[in-house]
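**Student:** what's the 3D shape of this:
(chains A and B)
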Amino acid sequence: MEKIYLIFDYFKKAFHINQANKKIYRPQIALIIVKTLILIVCGLTIYSYIGNNRFSDYNANNWFGFIIYSVLVIALLLIILGIISVLVESGLYNMYKMCVINNEIKPGDFKEGIRKYFFKFLLGDILIALAWIIIFIPYIIVGTITLTIGLAVIPIAINILLTMWKVSIVINDNDLIKAFKDSFSFAKKNFIPLTVLQMIHWAFVKGTYSSSTGTSYVSNAGNYYSSFNNKTFGTDYNLNPPSIETVVKTAKIVCAILIPIVSIANIVALIMNMIFEVFFTLVIFITYIEKFEKAEKKNTMEVESHVV
Amino acid sequence: MWFDKIMEDCKEALIISKKNKGIFIPIFIQLGFSFFLGILIAIIVIVSIIGTFRVNFGSFNTWQSFVSILPVAIGFVIIISLIAIIFNALLEVGSISLYKAAVEGIKPTSKHFFQGIKNYFLKVFGGSMFLGIVGLILSPIIFALLILYTVIIGVLTAGWGMTFLSTILLVFFLPWPIIVVLDNISPIKAIGKSFVFGKKNFLALFIVLLAYTLLTRYLVSGLGIFVAAFGGWFLVGVLATYIKVVVILFYKRESETVVYK
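**Tutor:** You can find the predicted model right below:
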């Protein structure tokens, strides 16, 4: 329990480091701009696509090709976004390290982080994704047998065990295998306090993408709109079915309304996520360095090591 | 600095909660009451439906017949709300008295719980009724503003606007029963003082109550349906108890600066 009390001290330290180093937000802001631009471009592409000749040419014979094409485009976009995110993350982690250890950020720290950690982070993330693919079916089976408890608890436990691997790479310049081992051993030693810390972290960060997010508000609005359309144009009122022109016009209006709304909601969600993510990553760095040890205990150990 | 102060109080509240497990007993009383009220509502609803259909079966196809049972339904809602307000006020003052004892280094016992009910129940009940009636009178305006806020701010802020609104309401309204018990003042004065306290220490209270709101949501929705259904009440109760201990400690620290005339 005493280890849990220390979390509040780490919060205090992280808060002051955060206050003193506002530059740490710059790369994330750049990433938010990139993500928003991609979203707007996608929205505008869909908008211009609705109603043009290529769109109306699609019929029952070539719909399969259209779906495959759309899935490939989305997958490519997600891969590009994922790589950009890892790129920014590797630079950022070096900035976090500098903040926590030297309490200052120098101009070249971001680039240095990308150079040193990008490939390690990318490889680690790919390995974790592959591990998830391998354990997915056993995970679903265990989750179902345990009445959904496993479905929630297994990802939490895995994420707690993997909390420190990136930090371990950055702080100790470890290779990937050593970093995973280090993360596992840290989590095993401090499982309960680390779980409490991560629960608070996820409550804030995942709050951005919870059921009450703008996306669901927007989709609810969309559902409402479509149900309104069904009632207005559908058979409930014995009206004629809408013509293709009406459907296209309605879809264009919906698209035009949704593009700015989704963009603004997305920017706000990403900014909130950024603020909390920066704060809690700093806390995780401090936790890794301080190892849930009391200041007096650490001092005593340092004195003892000097004596030896 | 405000952040350091509130973090110190969060840490202190955890130490106090660990030492005094008795402060969590009201969670079980709350569960018992909710269970009782749920069964009562279910029985009354089932009996009324069966009774109404036995008498008027077949004639329930016009809006007039539904309007005829409206006064009974409204009366039923008022009675249930009144029972809930009375019980919540009883539990609130009893619990806060327990937390107060624990914060002051005294072992909290049932004596503190019942003493709290005896001394402060009428004040907190009066305050709750006052806020309830004001809320009821203003409900059309509040409802309209809420819809407008949800549609504009709620959507454009990706839902954060709604979370922030509920947290801001907690900042200003959560402390008043605590102030009634700690300062032994009238409910109206406590509500006023609660606003001054919330305004003066907005950031500190906002951060800690935002954490409470988000953690409550995460623990209930993030740990799976099974945990939410069977353990949600306990997790939410523990968090609510803890956060009230934090607010008590913070109010005690800042009470000298909170002046309300």
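**Student:** in which helix or strand would I find the spatially closest residue to B:F195 that is not a sequence neighbour?
**Tutor:** Ranked by C-beta to C-beta, 6 or more residues apart in numbering or on different chains and with sequence neighbours excluded, the top spatial neighbour of B:F195 is B:F172, at 5.5 Å. All C-beta atoms are positioned from the backbone trio N, CA, C, and that covers glycine. With elements taken from DSSP states H and E, the one containing B:F172 is helix B:160-173.
**Student:** List the contacts of that helix.
**Tutor:** Applying C-beta atoms under 8 Å, 6 or more residues apart in numbering or on different chains, the set of residues contacting helix B:160-173 from outside is A:207-208, A:212, A:268-269, A:272, B:131, B:149-150, B:153-154, B:157, B:194-195, B:198-199, B:202, B:205-206, B:209-210, B:212-214.
**Student:** And the residue nearest to B:F195, how far from B:E254?
**Tutor:** 15 Å (C-beta to C-beta, to the nearest Å).
**Student:** can you pull the buried residues of stretch B:35-46?
**Tutor:** By 16 or more other C-beta atoms under 10 Å in any protein chain shown, stretch B:35-46 has no buried positions at all.
**Student:** make that stretch B:112-131, sorry
**Tutor:** Buried residues in stretch B:112-131 (16+ other C-beta under 10 Å): B:H112, B:F113, B:Q115, B:G116, B:I117, B:Y120, B:F121, B:K123, B:V124, B:F125, B:G127, B:S128.
**Student:** any chance of the residues you listed in TSV, with distance to A:E293 and secondary structure too?
**Tutor:** TSV is the format used below for the buried residues of stretch B:112-131 (distance: C-beta to C-beta, whole Å; DSSP: H, G, I helix; E, B strand; the rest coil):
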residue	distance to A:E293	secondary structure
B:H112	37	helix
B:F113	39	helix
B:Q115	42	helix
B:G116	40	helix
B:I117	44	helix
B:Y120	44	helix
B:F121	47	helix
B:K123	47	helix
B:V124	44	helix
B:F125	49	helix
B:G127	46	helix
B:S128	47	helix
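**Student:** Using TSV, lay out the residues you listed together with distance to chain A and pLDDT.
**Tutor:** Output for those, formatted as TSV (distance: C-beta to the nearest C-beta, whole Å; pLDDT from 0 to 100):
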residue	distance to chain A	pLDDT
B:H112	24	93
B:F113	25	94
B:Q115	30	94
B:G116	28	94
B:I117	31	94
B:Y120	31	94
B:F121	34	94
B:K123	33	95
B:V124	30	94
B:F125	32	94
B:G127	30	94
B:S128	27	93
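**Student:** For B:I248, which residues are in contact?
**Tutor:** B:I96, B:Y99, B:K100, B:V103, B:I178, B:L182.
**Student:** what helix or strand does it sit in?
**Tutor:** Going by DSSP H and E, B:I248 is part of helix B:225-254.
**Student:** mind checking how far A:I74 is from A:I38?
**Tutor:** 11 Å.
**Student:** Which one's more surrounded, these two?
**Tutor:** A:I38 (14 against 11; other C-beta atoms under 10 Å in any protein chain shown).
**Student:** mind pulling up the phi and psi values for the more buried one?
**Tutor:** Main-chain dihedrals, A:I38, degrees, to the nearest 10: phi -60, psi -40.
**Student:** What's the mean pLDDT across the helix or strand harbouring A:I80?
**Tutor:** Counting by DSSP H and E, the element that carries A:I80 is helix A:63-102. Helix A:63-102 shows a mean pLDDT of 88.
**Student:** and the stretch 101-250 of chain B, which of its residues are near chain A?
**Tutor:** By C-beta under 8 Å from any C-beta of the partner chain, the residues of the stretch 101-250 of chain B that approach chain A are B:154-160, B:162-163, B:211, B:214-215, B:217-219, B:221-227.
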